[in-house]
Each structure stands twice: as C-alpha cells, then as structure tokens.
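Q: Give me a model of this one.
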Amino acid sequence: TPIGTESKKSESIIDKLWEDDSFGVSADMSAANILDDINLEQMCSGVVDLLAERLFSKGIQLDMNIPENLLIRGRQEELEQTMFHLFSYAVNSTKSETGEKNISVFSHKLGDVVSFDMIHSGSGFDESILKQRVGLDNGNSEIDLDLQICQSLLGELDTKVQLDNKLDQ
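A: Modelled structure (predicted):
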C-alpha cells in the first residue's frame, strides 16, 4: 500500500477514538467529581469577612471556634456558597429581646465525620418547618431562601443538614 494511504487510515482511526465518548472519561465529568481538601476555618473566616459590615451594623457578636487545621473534603465554590448563605440566614434572623445578638460557630471531627454547628439568638424555627424536615408535614411551609440554597448545595455533596430549636434559646 502507498505510504499516504496508511497515514490517512491511522489518522481516521485516531479521529474516531478521539470523538468516541465511550473511551475514557470526559473532562467535564471528572472535574465535577474532584473533591479538594479545604481548610474549614479559613473558608469560614473568608465568608465572615464578606459579612463583617452586616454583622457590625446589626450589632451581632460572633464567636467562632473552629480548629485551624481542620480539613474537609468538598468542592470549594459550593461549600463557600453554602457557608455564605448559612451565615446570611443567621445574620438576617438573629434577634433578641434583651438586646444581645449572638452567633456561635464551632466544629469538631469525630473519625471521618466533621460536625459544623451554628447557634444564633434568633426566634427559632416554627413547628411546621421542623415537621417538614423530618417528613411529618405536607411541605406547604416555606423555608427561608438562604436555608433552601444551603440544603440544595449540601444535598449535592451528600451532606446532612439539621435544623433544631434549643429550649429557651
């Protein structure tokens, strides 16, 4: 066979392999599934910096107790957005009859599980929202938009969200 024909055959085979989606993994799919090690304390500090003016103007005292070296696995952008909306919800719903407005954030690691807790001096969740969270309600109650966004983003990362009221708090 002539040399030019063999070269065209090879190019044709290479082109078919290149265009065939059944070989390998697409770049878009693999990038979406890559999880990074993220420093939780640094990420939360960055989010607090974005909300510092709102915290100050509303007179909210923030207490953050997250170990400096605590790493979590996730996607940076989604976790930052989740934290932003979670902090925004707390800032917007923090109220107090006594005038003290507080948000406390703490985190700890148990084995492979990282617990992130946020407590704020808000009015609390109403009964219908709490029932909806455990599947005992028909779902007609409206959850705050910031919390809906958090639930959606964390659901994509197979993470659990729990909303609770503390007695007399």
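
Q: Quick one: the strands in the protein, in order.
A: 36-39, 61-65, 71-74, 102-110, 113-120 (DSSP state E).

Q: Enumerate the positions of the longest one that are buried.
A: In this case it means strand 102-110. 102-103, 105, 107 (16 or more other C-beta atoms under 10 Å). Yep, even glycine has a C-beta here, placed from its N, CA and C like the rest.

Q: re earlier: ok, which of the strands of the chain comes nearest Asp146?
A: strand 113-120 (11.9 Å; C-beta to C-beta).

Q: Would you format the strands of the chain as CSV with mean pLDDT and distance to Leu50 included?
A: CSV is the format used below for those (pLDDT from 0 to 100; distance: least, C-beta to C-beta, whole Å):
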stretch, mean pLDDT, distance to Leu50
strand 36-39, 89, 16
strand 61-65, 92, 13
strand 71-74, 86, 19
strand 102-110, 89, 14
strand 113-120, 84, 16
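
Q: Looking at those, which is nearest to Leu154?
A: strand 71-74 (9.5 Å).

Q: quick one: buried residues of the closest one?
A: Here strand 71-74 shows 72, 74 as buried, counting by 16+ other C-beta under 10 Å.
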